[in-house]
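In: Sequence first, predicted coordinates after that:
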Amino acid sequence: MTAFKESEIQSQLPQIPNWSYQNGFLERQIQFSSFTKAIAFLNRVATLSEEQHHHPVLTNNYNNLLIQLNTHDVNGISEKDFTLAKAIDRIELTTG
């Protein structure tokens, strides 16, 4: 596994339109209607991350959740990050 080049990251970003590439991370910020809903979603992301053996930075501030993905093993963005981002997006779709 190797880190993607900037051009590869940019070419794959349209596959995950809710995400951006910032400060060396794939990032997504989600606002929920309550703290409880934000934490419930965070816990679902944590479970999924454990299953994929790939752990994001999760920052919660009341009803806002910031998710940041990168692959420490390659010191950059890899296919693992795009795979997890897509899986996280599917969680959101199923939770409504």
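Out: Structure's in. What do you need?
In: I'd like to know how many residues surround the closest residue to S34 other than its chain neighbours.
Out: Using CB to CB, 6 or more residues apart in numbering and skipping the chain neighbours, the partner closest in space to S34 is N63 (5.8 Å). (C-beta placed from N, C-alpha, C; glycine too.) Neighbourhood size, N63 [other CB atoms under 10 Å]: 15.
In: Quick check: N63 touching I39?
Out: No - contact criterion CB atoms under 8 Å: N63 and I39 do not qualify, at 9.4 Å.
In: In the protein, where is pLDDT below threshold?
Out: Low-confidence segments of the chain (pLDDT under 70): 95-96.
In: what ranges do the helices span in it?
Out: Here the chain has its helices, by DSSP state H, at 6-12, 35-52, 79-95.
In: Double-check T83 against Q52; I have them as touching.
Out: Yes - between T83 and Q52 there is a contact at 7.1 Å, judged by CB under 8 Å.
In: what's the spacing between the residue at minimal distance from the centre of the chain and H54?
Out: By CA atoms, centre = their mean, the chain has its centre lying nearest to A85, at 4.4 Å. Going from A85 to H54 by CB to CB, to the nearest Å gives 10 Å.
In: intersection of neighbour lists for those two?
Out: Common neighbours of A85 and H54 (criterion: CB atoms under 8 Å, 6 or more residues apart in numbering): L69.
In: neighbours around T2, how many?
Out: T2: 11 surrounding residues under other CB under 10 Å.
In: isn't it right next to V74, touching?
Out: Yes - between T2 and V74 there is a contact at 5.8 Å, judged by CB under 8 Å.
In: and N61, what are its bridge partners?
Out: N61 has the following beta-bridge partners by DSSP bridges: N64.
In: burial of it, as a residue count?
Out: By other CB under 10 Å, 10 other residues sit near N61.
In: And for N64?
Out: Using other CB under 10 Å, N64 has 13 other residues around it.
In: can I assume it is in contact with F35?
Out: No - N64 is not in contact with F35 according to CB under 8 Å; the separation is 9.6 Å.
In: is it true that F41 touches N63?
Out: No - applying CB under 8 Å, one finds F41 not in contact with N63, separated by 10.2 Å.
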